[in-house]
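> Give me the fold of what follows.
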Amino acid sequence: MLSFATQQDMTRLGDGYYRGRWLYYRRAQLILGRIPGVDQLEADQVLEIGPYRLPLVHDCHTMDVRDYQVHPTYLHDATKTPWPIEDGRYKVLVALQVWEHLDGKQRKAWQEARRVAEWAVVSVPYLWAKGVGTPDHCGISLDTLAKWTRQRPERYCIVGNELVPLAPRIVCLYNLKAEQLCSSTTRTKR
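Numbering: from 1, shown residues only. Sure, this is the predicted structure:
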């Protein structure tokens, strides 16, 4: 059974990076809980990309470009494909506030996600205006996600930011084994 990071875990780190992030972490946990059979999963069936210092799921496998005291399972840049992971190795891939940083290689990385996992929980900045964050954080919409993933999320929710009201995030659940779409978004269940 999976064990999730808690708000106390986040606070204990004492890292300013995590200020104001609990809301989307908690929403990601709830959305991950919607995956069929999740109650039977073990931590080694979850891969988190770019967890920095606190993975969403305790003891899951991780992939990051540096070791931020998590000791990644794969010390690897997600923009470099193929990833050093066998096909179908994971049930769930988690990427919280990562996909916007993949320097135009989001589609290639998404193909790798589809190759190695069955489901994905992804969060990105949602419709941030210029000046709210760095340029790679601004203007990301459901259409942007559809261009990167060529599919629509099974579920999504928009999560406010208690520190910066103009900086919400969208948390999405994707079935990576579902058919891909062209490039436009259609109505999605919330």
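
> just for this protein, where's the confidence low?
Applying pLDDT under 70 to the chain flags residues 181-190.

> Please enumerate the helices of it.
Ranges of helices within the chain are 7-13, 22-32, 106-116, 142-149, based on DSSP state H.

> residues in contact with residue 79?
Shown in contact with residue 79 (CB atoms under 8 Å, 6 or more residues apart in numbering): 102-103, 105, 108-109. Backbone N, C-alpha and C define where each C-beta goes, glycine included.

> picking that back up, mean neighbour count and distance to residue 65 added to the helices of the chain, as CSV?
CSV is the format used below for those (neighbours: other CB atoms under 10 Å; distance: least, CB to CB, whole Å):
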stretch, mean neighbour count, distance to residue 65
helix 7-13, 13, 19
helix 22-32, 20, 21
helix 106-116, 19, 13
helix 142-149, 19, 19
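
> between the contacts of residue 79, which is closest to residue 136?
Residue 136 lies nearest to residue 103 out of the contacts of residue 79, by CB to CB, at 7.9 Å.

> Name the nearest residue to the closest one, sequence neighbours excluded.
Nearest non-adjacent residue to residue 103, counting by CB to CB, 6 or more residues apart in numbering: residue 79, 5.8 Å away.

> Could you check how far the one you found is from residue 49?
From residue 79 across to residue 49, the span is 11 Å (CB to CB, to the nearest Å).

> cool, residue 115 as well?
Counting by CB to CB, the gap from residue 115 to residue 49 is 13 Å.

> do the same with residue 97
Residue 97 is 10 Å from residue 49, by CB to CB.

> try residue 173
Going from residue 173 to residue 49 by CB to CB gives 15 Å.

> What of residue 62?
8 Å.

> try residue 114
According to CB to CB, residue 114 stands 13 Å off from residue 49.

> which residues touch residue 97?
Neighbouring residues of residue 97 by CB under 8 Å, 6+ apart: 24, 50, 123-125, 169.

> got those as CSV, with distance to residue 90 columns?
Shown next, in CSV, are the contacts of residue 97 (distance: CB to CB, whole Å):
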residue, distance to residue 90
24, 21
50, 15
123, 18
124, 20
125, 25
169, 23
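
> closest to residue 142 among the residues you listed?
residue 124 (10.3 Å).
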